[in-house]
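1. could you look at this predicted model? Sequence included:
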Amino acid sequence: MNKLVRPIVAFLSLLFTTAHFAAAQDCKVIREQDLYTHQIRLSSGFLDLTGASVTVDADKKEIDLLFSFKTNRCFDDGCTATVYFAGTKSKLLLRNAGTMNCEGLFHFIFRNGTTVNYQLKKMATTAASQIVFTDRDQKLISVNLDEPQQRAFMKALQCVTDEAVK
């Protein structure tokens with residue numbers, strides 16, 4: 001029995017290790033060096049969502065999710081966004097961390113450290129089905145994510161946060 005178990009365990013270990021490295025190679029993180037500070041900045045590039053686009057950027061101090069809406073909306077520090085997760089009743093309420101603007105830009109900013117923030121980790125590991133933004137005039141803007149968008153959003157978050165904590 002023991003002679004049979006060892007090859008199976010070895011095969012499964014090899015299979016999971018190969019799958020892990022294959023998934024890690026799919027990450028497309030853009031690395032840029034700031035011309036003035038000479039610090040490395042990581043970016044996922046823009047991902048198109050329904051009604052908006054998002055980019056995940058990181059430097060040694062913070063991780064920034066920037067949502068850019070296709071229509072000009074005004075946001076200030078009192079504006080919020082509620083992230084709803086697929087298949088669960090759980091949700092996150094986040095506040096705009098960017099400056100007041102009427103260009104349709106909304107930021108989630110998290111501190112970059114040795115561990116990943118709980119809210120950021122939740123968005124990177126659980127599919128978000130909808131994000132509802134509230135603008136300065138208390139109007140709701142709903143961004144619905146289909147399954148390919150959910151996977152792309154989670155992957156972008158995971159890739160940038162994995163590189164950022166290094």
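-> Good, I have the coordinates. Computed from a predicted model, the values in this text were never measured in an experiment.
2. output stretch 159-166 in CSV with nothing but the alpha carbons.
-> Below are the C-alpha coordinates for stretch 159-166, written out as CSV (Å, rounded to 0.1, in the frame of the first residue of the first chain):
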residue,chain,number,x,y,z
CYS,A,159,-1.2,39.9,-9.5
VAL,A,160,-0.5,43.5,-8.4
THR,A,161,-0.9,42.9,-4.7
ASP,A,162,1.3,39.8,-4.9
GLU,A,163,4.1,41.9,-6.5
ALA,A,164,3.5,44.9,-4.3
VAL,A,165,4.1,43.1,-1.0
LYS,A,166,7.4,41.9,-2.3
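3. distance check, the nearest residue to T88 once chain neighbours are set aside against K70.
-> Nearest residue to T88 in three dimensions, chain neighbours excluded: T126, at 7.3 Å (CB to CB, 6 or more residues apart in numbering). The way it works is simple: take the backbone N, C-alpha and C, and place the C-beta from them, glycine included. According to CB to CB, to the nearest Å, T126 and K70 sit 26 Å apart.
4. tell me which of those two has more neighbours.
-> T126 (17 against 12; other CB atoms under 10 Å).
5. which residues in this structure form strands?
-> Using DSSP state E, the strands found in the chain span residues 30-33, 40-43, 47-49, 52-58, 62-69, 80-85, 91-95, 105-111, 128-134, 140-144.
6. between these, which gets nearest to T161?
-> With CB to CB as the measure, strand 62-69 is the member of the strands of the chain nearest T161 (6.2 Å).
7. which residues does the closest one contact?
-> With CB atoms under 8 Å, 6 or more residues apart in numbering as the contact definition, strand 62-69 has outside contacts at 46, 51-58, 81, 97-98, 104-112, 117, 120, 131, 133, 141, 143, 157, 160-161, 164.
8. alright, I will stop here.
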